[in-house]
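S.K.: task: produce atomic coordinates for the following.
(one chain, ligands or ions: 1)
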Amino acid sequence: MTDLAPLRDFVIAVTRLLSDQPTERALLPVVADHLRRLVASDTWLPDAWSTASSEQYCQYLLHCDPLERFCVVSFVWGPGQSTPIHDHRTWGVIGMLRGRERSTRYQRDRNTGRLIEGETKELLTGDIEFVSPRLGDIHRVCNAQDREPSISVHVYGANIGAVKRHLFDPQTGAPGEFISGYTSASVPNLWDRSG
Ligand code: FE
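M.R.: Purely as a prediction, here's the structure:
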């Protein structure tokens, strides 16, 4: 059986951090340190939460805080798969577990509402990236590998699958509302300590 201890330790660490009600500015670097440690090894992620689908990218829920203060999600990209341009409406820290992904940032012009393309960053295994309304919240992400799946682990400051957020038309910048949900119907059992 997969040893889930690294994921359990991560969940405990972030839960502890949030009990002090830190500001986002104080919180994110510490979450990033813990996430860097988590993605340093990929043996803890069970197959059911790391399998690509030929249909579209998968977002598997790994854990949701009972108070919905944070959640942990594995994003699994098949070859050539990408997200639409979207926002998050909360903070997010992204850690690259396997492979590579490419993230392009956008800003919306205040007057016209059109999207202005910003920086494109390639995340390599072990890299960390941030999103938030404070730091820049709109992006598009794709698998940077043509033949292999890539996997990143995302931590968000909410139950992200239940947050009402936006997709944007790439031409006009017009927003549409969406609630992503999750690909998975169950979460890994972090609490069986018999193994
Ligand atoms: Fe995103």
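
S.K.: who's in contact with the spatially most central residue of the chain?
M.R.: The residue lying closest to the centre of the chain (C-alpha atoms, centre = their mean) is residue 154, at 2.7 Å. By C-beta atoms under 8 Å, 6 or more residues apart in numbering, residue 154 lies in contact with 72, 73, 74, 75, 92, 93, 94, 95, 160. Quick note: C-beta positions are derived from backbone N, CA and C, even for glycine.

S.K.: and the helix or strand encompassing it, average pLDDT?
M.R.: Assigned by DSSP states H and E, residue 154 belongs to strand 150-156. Averaged across strand 150-156, the pLDDT comes to 98.

S.K.: going forward can the numbers begin at 54, since that is how I track them
M.R.: OK, 54 is where the count begins now, so the last one is strand 203-209.

S.K.: and the next helix or strand along the chain from that strand, what does it pack onto?
M.R.: Proceeding N to C from strand 203-209, the next assigned helix or strand is strand 218-221, under DSSP H and E. Secondary-structure packing of strand 218-221 (3 or more C-beta pairs under 8 Å, 6 or more residues apart in numbering; DSSP states H and E): strand 228-231.

S.K.: what does the strand it packs on contact?
M.R.: Contacts of strand 228-231 (C-beta under 8 Å, 6+ apart): 139, 217, 218, 219, 220, 221, 222.

S.K.: now the residues you listed: which count as buried?
M.R.: Buried members of the contacts of strand 228-231, scored by 16 or more other C-beta atoms under 10 Å, are 139, 218, 219, 220, 221.

S.K.: nearest to residue 97 among those residues?
M.R.: residue 139 (27.4 Å; C-beta to C-beta).

S.K.: the closest one reaches residue 191, doesn't it?
M.R.: Yes. Counting by C-beta atoms under 8 Å, residue 191 is a contact partner of residue 139 at 7.2 Å.

S.K.: quickly list what's touching both of those two.
M.R.: Taking C-beta under 8 Å, 6+ apart as the criterion, residue 139 and residue 191 both touch residue 221.

S.K.: between the buried ones among the contacts of strand 228-231, which is nearest residue 90?
M.R.: Distance to residue 90, by C-beta to C-beta, is smallest for residue 139 among these, at 27.6 Å.

S.K.: where along this structure do the helices fall?
M.R.: Ranges of helices in the chain, per DSSP state H, are 58-72, 77-91.

S.K.: next, the buried residues of the first one.
M.R.: Right, helix 58-72. By neighbour count on 16+ other C-beta under 10 Å, the buried set for helix 58-72 is 59, 60, 61, 63, 64, 66, 67, 70, 71.

S.K.: residues in contact with the second one?
M.R.: Taking C-beta under 8 Å, 6+ apart as the contact definition, residue 60 lies against 91, 97, 98, 115, 116, 125, 241, 243.

S.K.: I am finished for the moment; much appreciated.
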